[in-house]
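> Generate coordinates for the sequence data below:
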Amino acid sequence: MNTYRLGRYEILGELGRGAMGVVYRARDPIIDRVVALKTIDLAFTGAALASFEERFFQEARSAGRLNHPNIVTIYDAGKTDGVAYIAMEFLEGTSLREILDEQPPLPIPRILEITGQVARGLAYAHEHGVVHRDIKPANVIVLRNRRPKLTDFGIARLGETEGFASERAGSPKYMSPEQIRGDVSLDGRSDLFSLGTVLYEMLTGRQPFTGENVTEIMRQVLEHTPPVPSVVDSHVPPELDGIVMRMLAKRPEDRFPSVRSLFRELRRVEENASFRGNETGHGLIDTRADTDAVAPAPRPPSQGDKTLVMSAARRRTDWRRTAIIGGALLAIGAAVIIPLKLQFADANATREAASKATRPVVAVAPPAQPAVEPAPGKPVEAVPAAEPPKPPAPRRKAAPKPAPVVVEAPPPVIQAAVQPPPPPAPRAPETATLLLSIQPWGEIYIDGKRHGTTPPLATLEVPPGARRIEIRNPAQPSYHATITVRAGETRRIEYLFRDH
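Now for the predicted structure:
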């Protein structure tokens with residue numbers, strides 16, 4: 001039987017098709033490994049072909065440097081018979097697109113788990129100078145061990161630069177505004193926006209930007225602000241509204257400064273939220289998945305992604321916290337028990353000395369003389385009756401002895417209990433309290449410094465005096481006000497952003 005080959009790879013079957021080429025399931029006969037082979041038709045000539053080949057191998061090299069549990073591994077890249085190909089890790093799992101299409105809405109803990117792990121992979125890629133540019137549910141593969149992996153790094157850039165419009169036709173729903181405008185210099189905040197659209201869809205079951213055609217979708221991405229997720233679905237926790245809407249801000253500077261900062265915010269929500277007990281998720285990092293993961297590429301492990309590994313660090317922190325609290329309790333117990341023990345020991349010693357000083361002297365009588373046995377054969381002589389005792393002869397009165405010197409035992413030393421110092425008097429409040437009620441949501445800036453998003457932010461402590469307040473919503477003009485507050489005062493700030 002004839003075996004179709006592409007380069008050295010034996011084609012085993014077809015996995016999918018797109019405008020840029022076909023994805024095959026193939027086998028590398030040299031090391032007997034099954035791979036996913038993504039092909040790109042080199043439909044260029046002359047200088048255009050040379051330019052495309054240069055960018056193709058540059059993107060392949062950039063993606064091939066990434067070695068992370070949440071990123072598909074690139075094994076090889078090459079070209080043969082007018083076809084360029086990338087050999088990558090073959091993933092046995094289901095795309096997030098299929099999961100969202102076939103299953104009911106995912107539980108909130110599972111949504112945070114998927115989003116957090118995808119964010120880990122993106123943060124690692126961004127720190128290595130690689131921007132994905134095509135974050136969408138179809139490019140997130142969820143393995144059978146629950147771990148999500150990002151695919152197609154660098155492929156989107158090739159499609160954009162060479163105008164593969166049909167390849168990108170399904171992606172504008174997840175593209176950032178700067179991508180649609182055609183900005184040349186994109187950074188990780190573009191991927192942040194795309195991940196925000198995926199998170200919005202997982203939470204609400206619908207895409208934030210829709211339309212009858214590509215032009216209408218692009219216009220919505222540039223101009224439309226979708227309703228907050230908790231308005232679309234009341235089961236969405238309000239603390240996620242601010243995170244999602246900040247990710248979907250039209251201006252990159254209004255989003256999270258990095259995917260790593262997004263990850264930290266997701267971790268904070270996961271640790272503080274009340275819904276954690278409603279589903280048996282494994283957190284932003286599923287440590288059980290490590291035992292079932294597909295073997296990584298034979299390359300030295302990267303040292304770049306240290307901050308985002310949560311579970312082991314959290315366990316180490318809990319252990320240290322327990323040790324510190326236990327040591328403090330032991331020290332307090334020793335400080336209280338040892339003085340009491342010394343006090344009781346002194347009291348016992350004093351009582352024992354006193355009892356010895358007053359103990360009566362008991363005279364011991366000499367032992368009685370044994371009776372004399374009579375000799376055998378001799379009569380027993382009668383014992384005369386005892387005469388009454390004669391009064392003792394008067395004795396010369398002895399000189400009086402000196403009185404004994406009584407040495408009194410010193411009084412027991414009783415250690416007084418150390419009284420704790422009295423609690424300090426309550427101090428007068430040094431700050432004022434702002435009660436925030438912003439609809440639908442807004443970024444709070446006090447004197448030019450960002451303090452968070454409301455909701456979920458509801459109260460804020462500020463120094464007394466004149467304070468300059470700015471509330472930003474990327475879809476609306478910002479609200480500005482200057483207020484003067486006194487220490488201990490509570491001031492309520494309400495504002496409603498209206499559509500223009």
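> Break this structure into its domains for me.
The record's domain parsing of the chain by automatic domain parsing lists 1-90, 93-294, 432-496.
> And the helices in this structure?
46-64, 96-102, 108-127, 155-162, 165-168, 177-181, 188-204, 214-223, 229-232, 239-247, 259-272, 311-357 (DSSP state H).
> The first one to helix 108-127, inter-axis angle?
When axes from the mean of the first three to the mean of the last three Cα atoms, to 10 degrees is applied, the directions of helix 46-64 and helix 108-127 differ by 120 degrees.
> Extract the C-alpha set from helix 46-64 and format it as PDB.
Output in PDB follows, covering the C-alpha atoms of helix 46-64 (Å, rounded to 0.1, in the frame of the first residue of the first chain):
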ATOM      1  CA  GLY A  46       9.400  35.700  -6.600                       C
ATOM      2  CA  ALA A  47      10.000  38.300  -3.900                       C
ATOM      3  CA  ALA A  48       6.700  37.600  -2.200                       C
ATOM      4  CA  LEU A  49       7.600  33.900  -1.800                       C
ATOM      5  CA  ALA A  50      11.000  34.700  -0.400                       C
ATOM      6  CA  SER A  51       9.500  37.300   2.100                       C
ATOM      7  CA  PHE A  52       6.800  34.800   3.200                       C
ATOM      8  CA  GLU A  53       9.300  32.000   3.800                       C
ATOM      9  CA  GLU A  54      11.500  34.300   5.900                       C
ATOM     10  CA  ARG A  55       8.600  35.300   8.100                       C
ATOM     11  CA  PHE A  56       7.300  31.700   8.300                       C
ATOM     12  CA  PHE A  57      10.600  30.300   9.600                       C
ATOM     13  CA  GLN A  58      11.000  33.300  11.900                       C
ATOM     14  CA  GLU A  59       7.600  32.800  13.500                       C
ATOM     15  CA  ALA A  60       8.200  29.000  13.700                       C
ATOM     16  CA  ARG A  61      11.500  29.600  15.600                       C
ATOM     17  CA  SER A  62       9.800  32.100  18.000                       C
ATOM     18  CA  ALA A  63       7.000  29.600  18.800                       C
ATOM     19  CA  GLY A  64       9.500  26.700  19.000                       C
END
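> for that helix, which positions count as buried?
Across helix 46-64, burial judged by 16 or more other Cβ atoms under 10 Å covers 52, 56-57, 59-60, 62-64. Every residue, glycine included, has its C-beta placed from N, CA and C.
> picking that back up, just flag whichever of the helices of the chain has the lowest average confidence.
For those, mean pLDDT drops lowest on helix 165-168, to a mean of 40.
> residues contacting Asn233?
You called it Asn, but residue 233 is Asp. 105, 203-205 (Cβ atoms under 8 Å, 6 or more residues apart in numbering).
> Also Lys250?
Here Lys250 is in contact with 177, 222, 225, 474-475 (Cβ under 8 Å, 6+ apart).
> how much space between Asp134 and Met175?
8 Å (Cβ to Cβ, to the nearest Å).
> anything in contact with each of those two?
Ser194.
> isn't Leu262 right up against Leu240?
No - counting by Cβ atoms under 8 Å, Leu262 sits too far from Leu240 to count as a contact (11.9 Å).
> Would you confirm that Ile243 contacts Arg264?
No - if you go by Cβ under 8 Å, Ile243 and Arg264 don't touch, sitting 11.0 Å apart.
> out of these two, which sits in the more crowded spot?
Ile243 (21 against 15; other Cβ atoms under 10 Å).
> Let me see the contact set for the more buried one.
Ile243 touches 199, 262, 265-266, 269, 453, counting by Cβ under 8 Å, 6+ apart.
> Output those as a markdown table; include the columns distance to Tyr4 and neighbour count.
What follows is the contacts of Ile243, written out as a markdown table (distance: Cβ to Cβ, whole Å; neighbours: other Cβ atoms under 10 Å):
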| residue | distance to Tyr4 | neighbour count |
| --- | --- | --- |
| Leu199 | 41 | 25 |
| Leu262 | 44 | 25 |
| Glu265 | 49 | 19 |
| Leu266 | 45 | 20 |
| Val269 | 50 | 19 |
| Thr453 | 54 | 21 |
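> what's around His235, how many residues?
Counted by other Cβ under 10 Å, the residues lying close to His235 total 13.
> now swap in the one 10 residues further on and tell me
Met245 is flanked by 28 other residues according to other Cβ under 10 Å.
> For it, give its distance to Leu266.
14 Å.
> can you check Arg486 too?
In this view, Arg486 and Leu266 are 38 Å apart by Cβ to Cβ.
> on that earlier part again, buried only: go through the contacts of Lys250 for me.
Applying 16+ other Cβ under 10 Å to the contacts of Lys250 flags 177, 225, 474-475 as buried.
> Among those, which ones are in strands?
Among those, no member is found in strands (DSSP state E).
> can you put the residues you listed in JSON lines and add distance to Asp183?
Formatted as JSON lines, these follow (distance: Cβ to Cβ, whole Å):
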{"residue": "Pro177", "distance to Asp183": "9"}
{"residue": "Thr225", "distance to Asp183": "20"}
{"residue": "Pro474", "distance to Asp183": "17"}
{"residue": "Ala475", "distance to Asp183": "20"}
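> Lowest pLDDT pick from the residues you listed?
Ala475 (71).
> Which residues are in contact with the spatially closest residue to that residue that is not a sequence neighbour?
Among residues not flanking Ala475 along the chain, Thr225 sits closest, at 3.4 Å (Cβ to Cβ, 6 or more residues apart in numbering). By Cβ under 8 Å, 6+ apart, Thr225 lies in contact with 245, 248, 250, 473-476.
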